[in-house]
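Student: coords please:
(one chain, ligands or ions: 1)
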Amino acid sequence: MKYPGKYPKTRLRRNRTHDWVRRLVSENSLTSSDLILPVFVCDGRNKKEKIKSMPGVFRYSVDNLEPIINKATNYKIPLIALFPSTPKNKKDPYGSEALNENNLICQALRKIKTNNKIGIMCDVALDPYTSHGHDGIIKNKYVLNDETNDILVKQALLYAEMGCDIIAPSDMMDGRIGLIRKNLDKNNLKNIKILSYATKYASNFYGPFRDAVGSQKLLSGDKKTYQMDNRNSDEALREVFLDIKEGADFVMVKPGMPYLDIIKLINDNFKIPIFSYQVSGEYSLLKNGINKNIINREAISETIMSLKRAGSSAIITYFALELAKELKNNFLK
Ligand code: PBG
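Tutor: Modelled structure (predicted):
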């Protein structure tokens, strides 16, 4: 980089004097096309349930999804992410409900896809369906890799056939991207996209989500034998490298803000779209801070901008609707 000049001739504050000049020189911007909205689906009829640990976020029954989907469409949010809150009596050690073509995700896919053009992504992992809360099947206290992959492939095919646009394996089993790609192609589902949760860390920020899908109380132990160790970043490059080779169309970094260095690292090393996930713990901390007047609302877009600046193409955030609304009304700076 060239030496930027010298005071008093050079004054960097000159380009910050007014809103118009700040807008002219801004290096990044935020639009609703950058946002992905997570939507929780629950059992029952005409339901909109509060989630205790996530103020302002709700679970919707399938028949009650339309209003929130319409809002997302009107605000030009390109993609929603569906997550099921499976009733406890439908959970078992094998996550069998994941393969039920009438499970909550399949019902929601069929319902939304009948009259809506919005993109839909679905997690592929067993944790919303297992009685132990882990992402795969367990033997001798260990989450089995290859046996879990066999189920994940079936789950991916089922969701794709039901109308899912982006299959998002969030389970962190080795080799699942290649297997899912191969089987989608074999079944003439060539344009179904894969978003690999390539670098998903074993994080302490997922608690409220686990509460939302009802796996928090069930979960035995932690997920450190399959999710990444937060001391590592070289390993993130290896994960991404493998997943690109196996056929991923996009890669995810998760959580978001504590892992900005990982987003930047991937962006500097690979030319593949990166989606980052501002996870439930990040959301609830910010939301509680705003509700208690500890920070102001503009902190939200500040965090989203940091994820973009680091190199994200898009961000999954529970703030997607409120941000998109503000963007439409031009409130955001
Ligand atoms: C499921 C899954 C999790 C999240 C998304 N998909 C939880 C976990 O791995 O335990 C977390 C999302 C969030 O916290 O917002 N594998």
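
Student: may I have stretch 324-333 exported as PDB, CA atoms only?
Tutor: What follows is stretch 324-333, C-alpha atoms only, in PDB (Å, rounded to 0.1, in the frame of the first residue of the first chain):
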ATOM      1  CA  ALA A 324     -35.000  -5.800   6.200                       C
ATOM      2  CA  LYS A 325     -37.900  -3.600   7.400                       C
ATOM      3  CA  GLU A 326     -35.500  -0.900   8.400                       C
ATOM      4  CA  LEU A 327     -33.600  -1.200   5.200                       C
ATOM      5  CA  LYS A 328     -36.800  -0.800   3.200                       C
ATOM      6  CA  ASN A 329     -37.700   2.300   5.100                       C
ATOM      7  CA  ASN A 330     -34.100   3.600   4.700                       C
ATOM      8  CA  PHE A 331     -33.600   3.900   8.400                       C
ATOM      9  CA  LEU A 332     -30.200   2.200   8.400                       C
ATOM     10  CA  LYS A 333     -27.100   4.100   8.300                       C
END
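
Student: name the residues that touch it?
Tutor: 19, 30-32, 35, 72, 75-77, 298, 301, 323 (Cβ atoms under 8 Å, 6 or more residues apart in numbering). For every residue, glycine as well, the C-beta is placed using N, CA and C.

Student: what's the average pLDDT for it?
Tutor: For stretch 324-333, the mean per-residue pLDDT is 80.

Student: now that stretch, how far from the centre of its chain.
Tutor: Chain-centre distance of stretch 324-333: 22 Å, with Cα atoms, centre = their mean, to the nearest Å.

Student: if we can go back for a sec, which pair in the contacts of stretch 324-333 spans the largest distance?
Tutor: Asp19 and Ala72 (29.0 Å; Cβ to Cβ).

Student: more crowded one of these two?
Tutor: Under the neighbour definition other Cβ atoms under 10 Å, Asp19 and Ala72 were set side by side, and Ala72 has more, 23 against 9.

Student: the closest residue to the more buried one other than its chain neighbours in helix, strand or coil?
Tutor: Leaving out its chain neighbours, the residue that sits closest to Ala72 by Cβ to Cβ, 6 or more residues apart in numbering is Leu37, at 5.1 Å. The three-state label given to Leu37 by DSSP: H, G, I helix; E, B strand; the rest coil is strand.
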